[in-house]
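Asks: Sequence below, structure please.
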Amino acid sequence: PPIRKLTRPVAAADYWLTSKLKTFIGRNVFNAVLIDRNRETRVLDPIEQMLEALDNDNSLIIFPEGQRNTTDQMLPFKPGIFHLAEKRPDVELVPVWIENLNRVLPKGEVIPIPFACSVTFGAPIRLEDGEDKQTFLKRAEKCVLNLSPDAGKYHD
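Replies: Numbers count the residues shown, from 1 in each chain. As a prediction, the model looks like this:
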């Protein structure tokens, strides 16, 4: 199959399933792995959904902040990528910086707005032996921030 069919974003079901148009785009255009973010009501475990997609030879696009950001500052990463890396230590996690994403696809929009945007890929990372959740998440955040054109302003 074409690589586009095998590449799937992980996205919030509570956003993409709110109208017929969004549902069509989320399922049929993006082929998204739609996860329920509400721990109280969800039936499917989001990590299991991602593992199933990986088992089907899919590549996943994960926004580790857990939501679309409305500012230029990156939000702290949610623990999902740690749990995924813990269950699949062989899977490479590729850090990616998308410049101007908050302008190209602002929160609340379904159709991208034509702004210039660039994508920078970093070296793949994996969970290291004995690495705890916070250490891994901070390392992953740093790998992404280092890809930013403004990387110098993010360093301690």
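Asks: contacting residues around residue 38?
Replies: For residue 38, the contacting residues are residue 14, taking Cβ atoms under 8 Å, 6 or more residues apart in numbering as the criterion. C-beta here means a position set from N, CA and C on the backbone, and glycine is covered the same way.
Asks: ok, it to residue 46 distance?
Replies: Here the distance between residue 38 and residue 46 works out to 11 Å (Cβ to Cβ, to the nearest Å).
Asks: Which residue ranges of the chain form helices?
Replies: Taking DSSP state H as the criterion, the chain carries its helices at 3-6, 13-16, 20-24, 46-55, 80-87, 101-104, 133-145.
Asks: hey, least reliable of the ones you listed by pLDDT?
Replies: Comparing mean pLDDT across those, the weakest is helix 101-104, with a mean of 76.
Asks: The helices of the chain: which one's closest to residue 94?
Replies: Nearest to residue 94 among the helices of the chain is helix 133-145 (9.3 Å), distances taken as Cβ to Cβ.
Asks: check contacts around residue 13.
Replies: 34, 35, 36, 37.
Asks: what's near enough to touch the closest residue to the last one other than its chain neighbours?
Replies: For residue 37, ignoring the flanking residues on the chain, the nearest one in space by Cβ to Cβ, 6 or more residues apart in numbering is residue 12 at 5.4 Å. Under the criterion of Cβ under 8 Å, 6+ apart, the neighbours of residue 12 are 34, 35, 37, 67.
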